[in-house]
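A.B. asks: Sharing a model prediction with you, sequence too.
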Amino acid sequence: FDGQNYIVQGSIESKGDYECSRCLTTTEHDRKDSFEEIFSDSRDAAEDVIPFDGEEIDLTELIRDTLIINEPSQVL
């Protein structure tokens, strides 16, 4: 909290089965993704700040978007 905004930082560690781009076999791949966003309950917030209402910030969409954006295009 910087006095006006809530700064949310986090990291996600996950493991998944992916198809190897070279040999096409299934391989397990470890992922480490991180995110940082700024939230504000003010209507006058800057455009790069995510608005929220209430007492809780729902991070579901932020986490989902982080995982999708960082999905590996190729796994070797």
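C.D. replies: Received, thanks.

A.B. asks: what stretches of the chain score poorly on pLDDT?
C.D. replies: Along the chain, no part satisfies pLDDT under 70.

A.B. asks: what residues are up against residue 28?
C.D. replies: 15, 16, 17, 18 (Cβ atoms under 8 Å, 6 or more residues apart in numbering). All C-beta spots, glycine's among them, are computed from the backbone N, C-alpha and C.

A.B. asks: so the last one sits right up against residue 29, yeah?
C.D. replies: Think residue 18. Yes: between residue 18 and residue 29 there is a contact under Cβ atoms under 8 Å: 4.8 Å.

A.B. asks: Can you pull the residues that touch both of the two?
C.D. replies: The contact lists of residue 18 and residue 29 share 72, 75, where a contact means Cβ under 8 Å, 6+ apart.

A.B. asks: Can I take it that residue 10 is in a strand?
C.D. replies: Yes: secondary structure of residue 10 (DSSP: H, G, I helix; E, B strand; the rest coil): part of a strand.

A.B. asks: who's in contact with the most centrally placed residue in the chain?
C.D. replies: In the chain, the residue lying closest to the centroid (Cα atoms, centre = their mean) is residue 66, at 2.7 Å. Neighbouring residues of residue 66 by Cβ under 8 Å, 6+ apart: 12, 33, 34, 35.

A.B. asks: if we go to 10 Å?
C.D. replies: Listed by Cβ atoms under 10 Å, 6 or more residues apart in numbering, the contact set of residue 66 reads 10, 11, 12, 33, 34, 35, 36, 37, 59.

A.B. asks: now swap in residue 6 and tell me
C.D. replies: Taking Cβ under 10 Å, 6+ apart, one finds 37, 38, 39, 40, 41, 49, 50, 52, 57 in contact with residue 6.
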